[in-house]
Each structure stands twice: as C-alpha cells, then as structure tokens.
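# Would you be able to build a 3D model of this:
(one chain, ligands or ions: 1)
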Amino acid sequence: MNSKCFITTPIYYVNDVPHIGHSYTTIAADAIARYNRLIGNTVFFLTGTDEHGAKVAQSAKREGKTPQQFCDDVVQEFVDTWKLLNISNDFFVRTTSSEHIESVQKFLTVLYDKGFIYKGKYSGLYCQGCERFYTTDDLVDKKCPYHLSEPQLITEENYFFKLSSFQNDLIHIIETNQFQICPNERKNEILGKLKKGVEDISISRGSVEWGINFPFDKTHTVYVWVDALINYISAIGYGRNNDMFSTWWPAQVHLMAKDILWFHAVIWPAMLLAAGLELPQRLFVHGFFTVDKQKMSKSLGNAIAPSELNKKYGADTIRYFLFAEFPFGTDGDFSIERFELRYTANLANDLGNLINRVLNMVNKYFAGIIPEPANSVSCELSLLTKDFPSKIDVAFKALNLQLVLNYIWELITAANRYVQDNAPWNLAKNNDPKLNYVLYNLMESIRLISLYLYPFMPETSLKINSQLGFDKNFSLPWSQSVIWGQLKPGTKIGNLYPIFPKLEEKK
Ligand code: MSP
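Predicted structure coming up:
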C-alpha cells in the first residue's frame, strides 16, 4: 500500500543569503522526497522563508527598502537557488503571505480560548542574532554559542504561553517515542533539558513592528519563532482548508540542524498539544556544515554560495558531495579540496569511467544495440543488487543518506571490477559469445545505479538513462524497475558524452 509523506525543512531566515548550509537540509529533504515519489508514495515537500522580526526590519532599513521589498528580493534568491539545485518542493511557504497570517491568528486564538495564553512580565538574556532568550546554562563563556556575542538582559511585558504545563506530557511522549527525536543523542539532550524544568515563554513583542499582529491585542506582534513554527500547518491550510489539512497533517518528518532543536522538540509540540492537534511523527536533527569549524552565515562572512559551486561543478556534484562526505547526523567541515577530490575520485573516475567504457564498448562491438545476454544465469552483479530494494529502503527510512550512497558505490566498484575481471576487449578479440552476457550485465548494473542515484543526482540519472536509451522519465513502477533485466536487448542506446568531464577539461 502506498503511504503519504509530508516532509519539511525549516523555513530560512531572509536575513541571511542562501548558502551551502541551508542547501544541506533542503537537498536532504529533496532526496527523501524524490525517493518517496519513486517508490510510489504521495509526497508533500515543504520549504519556505521566515520573514518577520526586528532583524529583518533593520536589514531592510540599512538597504533603504521597505521590509516587504527586502523580503521579496531575498526570497527570490532562495527560490532561484532551489531551482538551480533541482529542489522539487511542492510548496514554498512565506510567513508574510496573507494565508500564513490568517492561520497564525486562528491558531493563537484557539490557544487563547483554551486558556494557554496569559499576559505577564519577563526578564531574560536575549540574543538578537537568534531572536531568542537563553538561560545562563545555555551560554558558553557568557556568550551565545552560535553568534559568539553576549546576550542582552531584557525585561518586557508580553503575552505568555503556558509551556510549563506540558513538561510532563512532553517527557512522556518523547520517552515513549510517540514523538520521535533522532538521532538518539538529540533525544537524550532534550529529555535532559526538559527534566531540569521549563518556564512559560513569551510569545508576543510590544517592541517589534515587523510581525503578525497579535489577534487579541494589536499593540503586540507575534514572536517570530511562534510565527515561524506555525508555517508547518499554515502551508497545508490550517484554519482555512480542512480537507487539505487533514490530508497532510501530521508531518512524517521535520528536518533541521541542532541549533533549532529546542523550538521543534519542546515549544512546537507543546503548542500542538495545547491546540489539540497531532504531533509530527519524527524530528530528524542533522549536523552542521562548518567552515573552519564555524556555522556558516552572512554575519560571520563565511557563507559559501551554492550558485558559485554550481557554476563550476554542477548541481548534482553538490548534491552528491554533501551526503557522501560525512554521516547525516554529525558535523563536518567544508573544503574545496575535499569537494574536488570526491568529484575526481568518485564521480569522474568510478562512475563516469564505468559508463563511458561500457557504453563505448556497446557502440564498438554491437553498433550501439543492447546485446542479447544469451543466457539468464545470474552474475555477481545481479546477486549483489538482489537485496538493494530492502537495504536501501531501510537506510532511507533511517535517513542514513550516506549509507544509501555507500550501497550504490559498492555496486559501482563491483561493476568496475567486473569489467577488469572479464576483459570484454579480449572476449571481443576471441569472438567469445560471453561478450553479450558480460556487456548486458554491465548495462543492467548501470541502469540500477542510475535508478538508485536518482534521489541524489536527478540530472545525472536522466543523462544516464538517455545514454542507455531507457525509461527517460523514470516512469516504470518501482516494483518492476528494481528487478534485474529491465533493459530490452535490441534497443539502440543514446548519444554518448562524458557526464563528468575531468576538472581540467571543465575549466
Ligand atoms: N528561521 C529559523 C527556522 C524556523 S523553522 C520553523 C532558522 N532559520 S536559519 O535560516 O537560520 O536556519 C535554519 C536551518 O538551516 C538550520 O536548522 C539547518 O537546518 C540549516 N542550516 C543553516 N546553516 C547550516 C549549516 N551551516 N549546516 C547545516 N545546516 C544548516 O533558524
């Protein structure tokens, strides 16, 4: 039976420019979305932008723009970047859209009517960069761990959300995995913090103009984090389109990095519980892509623009590198040397050479026509791929994206070895009929490599399929396409060209 998959990325601050760090989450979500579509699930893949708050208003002023103009311009950069990276999101939510604003106001009215919102006074240490309060325990050397600056002591009269009422419920649902937080160390981190106690949080700002009006007090705007979290339900019609909302909610997975875990693992589920809504099934928390061990951002001046990398190496190389380089849950440092090394070793050599060699031999020895294998005996390559559908499915479900790539590279390595071991050039010289069988098996392996690579490298897969003269739109049902032997002997292969030219040739 097919299932539905509602997958989200965080909505990105327009105060920053799209960089490789944002791309990391977005490409991961895209690979998971593409895989789910491929296996026949119905998918709603959501991303978008977080556009309110004092920081945005300040940035707009600096650039001599209205906040809305400023947002529109930066949002375009995000939209263009995602297009460039072949992101297949089904919707792009903006927190300045009238639909989002309507949902936020309806949601807060529900919380207010249920008695979870009250007016009160709060003093705390506020980091402008994160737009959030920190406790002294959260700080490192009295500084915000992400912005490396000292937060300010602020006292405000605001509206509060009764977060503390949910402490025990949250501990219970997290401990029992009714609400899953992965990897496990993140779950433990949150449970540890929750057990120390939680305070009610202020959810309105009297001093911030660029925000959504608080529904029952127009002198306040909604705290930007509360506004932002509601994107996950406003995008699917909360309070506006019940059919759409009940089709998609709850989300199967919210993806994010560890910096915003508290909001997603504590504040967001508490808000949902207060409103009487189901919780997302799973939060998956990945590591940071750092440059010199620091998180990337415009303010730190170390952001790497995907458009620059794309110009030089192509979108698929970026998509591949980000997940091949280190496990999805851990941190990893970015470097152009590593990037080029992987391009040359894994893409140009392992994968590119395999395709070139094999298809050129089909051209040379069979005039570009896929040969009849003559016998249907399984070979080591067909045996290797037999349990790929289940292995790859398990790895995707665990969001172990690096493992999926490792399986695919096992097949690429095995196919390259098979070329060496069987030396088709000698078979051809000796008119050995085994040549048909060997080349067919290699072609079929390339077909499967292309299939499994598709979620990560969609453009490359389409190119490979074109060269194979096969299913250019990946339209075969999954259950059929994973079975060995789909390539039809007698088919003419497509035009050949190197898919991953050597870097010197590219330059
Ligand atoms: N606007 C909030 C999120 C609101 S969601 C309801 C926000 N935005 S952000 O643009 O600062 O960053 C959001 C996310 O971008 C991070 O959690 C992470 O998923 C991704 N990343 C940003 N920089 C990153 C790296 N350097 N490395 C990996 N992921 C990064 O927080």
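
# Residue in the chain with the shortest distance to the ligand?
Nearest to the ligand, among the residues of the chain, is G21, at 2.5 Å (CB to the nearest ligand atom). For glycine as for every other residue, the C-beta is placed from the backbone atoms N, C-alpha and C.

# Enumerate every residue touching that residue.
The contact partners of G21, taken as CB atoms under 8 Å, 6 or more residues apart in numbering, are A257, F288, F289, K295, M296, S297, A303.

# The fourth one: neighbouring residues, count only.
Read it as K295. Residues near K295, counting by other CB atoms under 10 Å, number 20.

# Touching, V438 and A428? I think so.
No. If you go by CB atoms under 8 Å, V438 and A428 don't touch, sitting 9.9 Å apart.

# Those two: who's more crowded?
V438 (24 against 16).

# Check which helices and strands the one helix or strand that one maps to sits against.
For V438, the element it lies in under DSSP states H and E is helix 434-453. In terms of contacts (3 or more CB pairs under 8 Å, 6 or more residues apart in numbering; DSSP states H and E), helix 434-453 is packed against helix 354-366, helix 380-385, helix 388-397, helix 401-422, helix 424-429, helix 458-468.

# Switch those helices over to CSV; also include distance to the ligand and mean pLDDT.
Below are the helices and strands packed on helix 434-453 laid out as CSV (distance: least, CB to the nearest ligand atom, whole Å; pLDDT from 0 to 100):
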stretch, distance to the ligand, mean pLDDT
helix 354-366, 31, 97
helix 380-385, 32, 94
helix 388-397, 19, 97
helix 401-422, 13, 98
helix 424-429, 44, 97
helix 458-468, 21, 97
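
# So stretch 254-269, near the ligand or not?
Yes. Stretch 254-269 comes into contact with the ligand (CB under 6 Å from any ligand atom), by way of M256, A257, D259, I260.

# how about the nearest residue to N436 once chain neighbours are set aside, what does it touch?
Once flanking residues are discounted, N436 sits nearest to P371: 3.9 Å by CB to CB, 6 or more residues apart in numbering. By CB under 8 Å, 6+ apart, the contact list for P371 reads V362, Y365, L435, N436, L439, Y440, P489.

# Select only the buried ones of those residues in ChimeraX?
Buried residues within the contacts of P371, by 16 or more other CB atoms under 10 Å, are selected in ChimeraX with:
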select :362,365,435,436,439,440
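
# What ranges in the stretch 51-200 of the chain fall below the confidence cut-off?
For the stretch 51-200 of the chain, no stretch is flagged by pLDDT under 70.

# make it 90
When residues are selected by pLDDT under 90, those of the stretch 51-200 of the chain lie in 121-142, 144-149, 151-157.

# show me where it has strands.
Ranges of strands in the stretch 51-200 of the chain, per DSSP state E, counting those that start in this stretch, are 91-94, 117-127, 132-134, 152-161, 180-182.

# Now render these as TSV, adding mean neighbour count.
Formatted as TSV, those follow (neighbours: other CB atoms under 10 Å):
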stretch	mean neighbour count
strand 91-94	18
strand 117-127	15
strand 132-134	18
strand 152-161	16
strand 180-182	19
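
# Format those strands as a markdown table; extra columns: distance to E189.
Putting the strands of the stretch 51-200 of the chain into a markdown table (distance: least, CB to CB, whole Å) gives the following:
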| stretch | distance to E189 |
| --- | --- |
| strand 91-94 | 28 |
| strand 117-127 | 19 |
| strand 132-134 | 15 |
| strand 152-161 | 22 |
| strand 180-182 | 9 |
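
# The chain against the ligand: which residues are in contact?
Counting by CB under 6 Å from any ligand atom, the residues of the chain near the ligand are 10-13, 16, 21-22, 24-25, 50, 228-229, 231, 256-257, 259-260, 288-289, 295-296.

# Can I get the buried part of these as one PyMOL selection?
Here is the PyMOL command that selects the buried residues among the residues of the chain next to the ligand (16+ other CB under 10 Å):
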select buried, resi 10+11+12+13+16+21+22+24+25+50+228+229+231+256+257+260+288+289+295+296
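
# How far away from the center of its chain is stretch 144-164?
Distance of stretch 144-164 from its chain centroid, counting by CA atoms, centre = their mean, to the nearest Å, is 29 Å.

# can you check stretch 256-269 too?
Centre-to-centre, stretch 256-269 and its host chain are 16 Å apart (CA atoms, centre = their mean).

# Wait, a helix at K488?
No. Counting by DSSP: H, G, I helix; E, B strand; the rest coil, one finds K488 to be coil, located in no helix.

# Please identify which of the contacts of P371 is nearest to N465.
V362 (14.7 Å; CB to CB).

# would you list the residues of stretch 254-269 next to the ligand in a markdown table and tack on distance to L194?
Shown next, in a markdown table, are these (distance: CB to CB, whole Å):
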| residue | distance to L194 |
| --- | --- |
| M256 | 18 |
| A257 | 20 |
| D259 | 18 |
| I260 | 16 |
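
# farthest pair in the residues you listed?
Of all the pairs that the residues of stretch 254-269 next to the ligand form, the one spanning the most space (CB to CB) is M256 and D259, at 8.0 Å.

# So which of the residues of the chain next to the ligand are in strands?
P10, I11, Y12, Y13, D50, M256, A257, F289, K295 (DSSP state E).

# Just give me the least confident of those.
Confidence by pLDDT is poorest for K295 among these, given 73.

# any weak-confidence spans in the stretch 251-400 of the chain?
Using pLDDT under 90, the stretch 251-400 of the chain drops low at 287-312, 325-339, 373-378.

# ok, now with 70
Checking the stretch 251-400 of the chain against pLDDT under 70 turns up 376.

# Please state the offset of stretch 384-397 from the chain centre?
Relative to its chain's centre, stretch 384-397 lies at 20 Å (CA atoms, centre = their mean).

# Buried residues, it. List them.
L384, T385, F388, P389, I392, A395, F396.

# Also stretch 466-479?
Here stretch 466-479 shows S466, Q467, L468, G469, F470, D471, F474, W478 as buried, counting by 16+ other CB under 10 Å.

# if we can go back for a sec, farthest pair in the ones in strands among the residues of the chain next to the ligand?
D50 and F289 (19.5 Å).

# V75 and V56 touch, don't they?
No. V75 is beyond contact range of V56, at 11.3 Å (criterion: CB under 8 Å).

# quick one: which of the two has more around it?
Taking other CB under 10 Å, V75 and V56 do not tie; V56 has more neighbours (25 against 19).

# so who does that one touch?
So V56 contacts Y13, V14, N15, P67, F70, C71, W210 (CB under 8 Å, 6+ apart).

# and these, which of them are in helices?
Using DSSP state H, the subset of these located in helices is P67, F70, C71.

# Take the residues you listed and write them to JSON lines, including neighbour count.
Below are those laid out as JSON lines (neighbours: other CB under 10 Å):
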{"residue": "P67", "neighbour count": "21"}
{"residue": "F70", "neighbour count": "23"}
{"residue": "C71", "neighbour count": "24"}
